[in-house]
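[1] task: produce atomic coordinates for the following.
(chains A and B)
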Amino acid sequence: MTLPSSIASQTNEEPTASTTGIAAGQTEMEQELARLIVTTLQLEITPEQIVPTEPMFREGLGLDSIDALELSLAVSTEYGVELKADDERNGEIFASLRSLARHVTERRTR
Amino acid sequence: MSWTTERERGSAHLLRLTCWLTLTCGWRIGRLLLYPITLYYYVTASGPRAASRDYLRRVLGRPARASDVLRHIFTFASVTLDRAFLLSGRTERFAISVEGLDALTALLSRGKGCILLGSHLGSFDVLRDFGRTSPVRVSAVMYRRPGSPMSRLMETLDPDLWRDVITIGSPDAMLRVQENLARGEIVSFLADRDPDARPDRIATVDFLGGRADFPTGPFILAAVLGAPVVLFYGIRLGPRRYVVRFEHFAATITLGRATRRDDLAALVSRYSASLAAQCRAAPFNWFNFFPFWKDPSA
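    Down below sits the predicted model:
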């Protein structure tokens, strides 16, 4: 898949990130999830390139609902967190790497 | 404006008009009015007319005559008229036969649900009629524009419709597909086009002597969820006569990590070959009135 130019050119909200070497200001959980996303979906980017606050679906990373399914299966295997279709907060959960990480941190069983 | 909105607008007007006429004057009067409607379409819709001619030339293997194009539009208008009856469940005067049901029931018995691939060949709505009598729920994955004339009309005809529709667009749409399949249910897709698919979810394959784009999404889903795949065609045979055909496609679909692209292209090719055979058997049932091929003038 092609990487939208917005990711590469995105300036970071947290000024320390670019100097400390920590990828795009990702927290530890976000780094873990970013790696899971890149390997599961076979994206042609590095996990560090995923900006935590950028949208993941359609815009930003450009994921679609099939990616969301594959991602939810991986998250379920890895962390024991089941994402359900009738969850009203799905829009929120899938909004960005940060929001997904927050959800997984709250619910993880493994 | 894209062809989807253009087409939806056109068919919504046609559907509304024919619905109103049919519901007030009866099916026979509605059917009589299809002749002037067909002629009006033929004269005014130059894009669909050219698309029809291109398709008919390929499927008939000879240049299309005006009478062929008129018959093509008339079949489309007839199926559109019948939608009003199929959606509202008033099918007592319809003869709908079913072929190949064994292929579907055999795979359903495995308990993994079933992905049903339909198309814009014939009527997708006969599946709705089939779903009413089916022992398991049949839901349809489709686009829905809330508040659009077409959506409103479909809602009026079939108030329960949206209960069995999975709307494309939200990130959790395929989670719903997964849950329905896990309950052993049937989930249907329109597999011959997806105007919204990401470029890497498209395979370009041979179809009726040209190259055409088909979505790969349904096959990826089948692979990811371990669901069997059955093809479905709702063909109009004549006035109020339809046949619902089920065709075995695959008990399981496996995609190699390294060969994924080629595997998908092979699956889509096999699908397009089946679709082409059905097109040849019922040429006037094809309702993609837009440039379908990459090389329309070839």
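[2] excluding its backbone neighbours, what's nearest residue 56?
    Unless you meant another one, I'm taking chain A. residue A:63 (5.1 Å; CB to CB, 6 or more residues apart in numbering or on different chains). Yep, even glycine has a C-beta here, placed from its N, CA and C like the rest.
[3] actually, chain B is the one I wanted.
    Nearest to residue B:56 is residue B:64, by CB to CB, 6+ apart, at 3.6 Å.
[4] tell me where the chain has helices.
    Just so you know, I chose chain A. Counting by DSSP state H, chain A has helices at residues A:5-9, A:16-20, A:28-40, A:65-79, A:90-93, A:97-107.
[5] hmm, I had chain B in mind actually
    Under DSSP H, chain B gives helices at B:3-25, B:27-44, B:46-60, B:66-88, B:101-108, B:126-133, B:149-157, B:173-182, B:217-225, B:260-281.
[6] and residue B:171, how many neighbours?
    Using other CB atoms under 10 Å in any protein chain shown, residue B:171 has 23 neighbouring residues.
[7] tell me how far the residue of chain B most remote from its centre lies from residue B:268.
    Most distant from the centre of chain B: residue B:258, at 31.7 Å, with distances by CA atoms, centre = their mean. As defined by CB to CB, to the nearest Å, residue B:258 lies at a distance of 18 Å from residue B:268.
[8] show me which residues of chain B are close to chain A?
    B:168-179, B:198-201, B:217, B:220-221, B:224-225, B:257 (CB under 8 Å from any CB of the partner chain).
[9] of those, buried ones?
    B:168, B:170-179, B:198, B:201, B:217, B:220-221, B:224-225 (16 or more other CB atoms under 10 Å in any protein chain shown).
[10] which parts of chain A sit against chain B?
    Residues of chain A lying close to chain B by CB under 8 Å from any CB are A:1-2, A:42, A:57, A:62-66, A:68-70, A:72-73, A:83-87, A:90-91, A:94.
[11] filter the residues you listed to the buried ones?
    A:1, A:57, A:62-66, A:68-70, A:72-73, A:83, A:85, A:90, A:94.
[12] show me the shaky parts of chain B.
    Regions of chain B meeting the criterion pLDDT under 70 cover residues B:1-12, B:14-15, B:18, B:296-298.
[13] 50 instead, please
    Along chain B, the parts satisfying pLDDT under 50 run over B:1-4.
[14] and chain A, by the same measure?
    A:1-21.
[15] which positions in stretch B:44-57 come out as buried?
    B:45, B:48, B:49, B:51, B:52, B:53, B:54, B:55, B:56, B:57.
[16] looking at those, which is nearest residue B:29?
    residue B:45 (23.6 Å; CB to CB).
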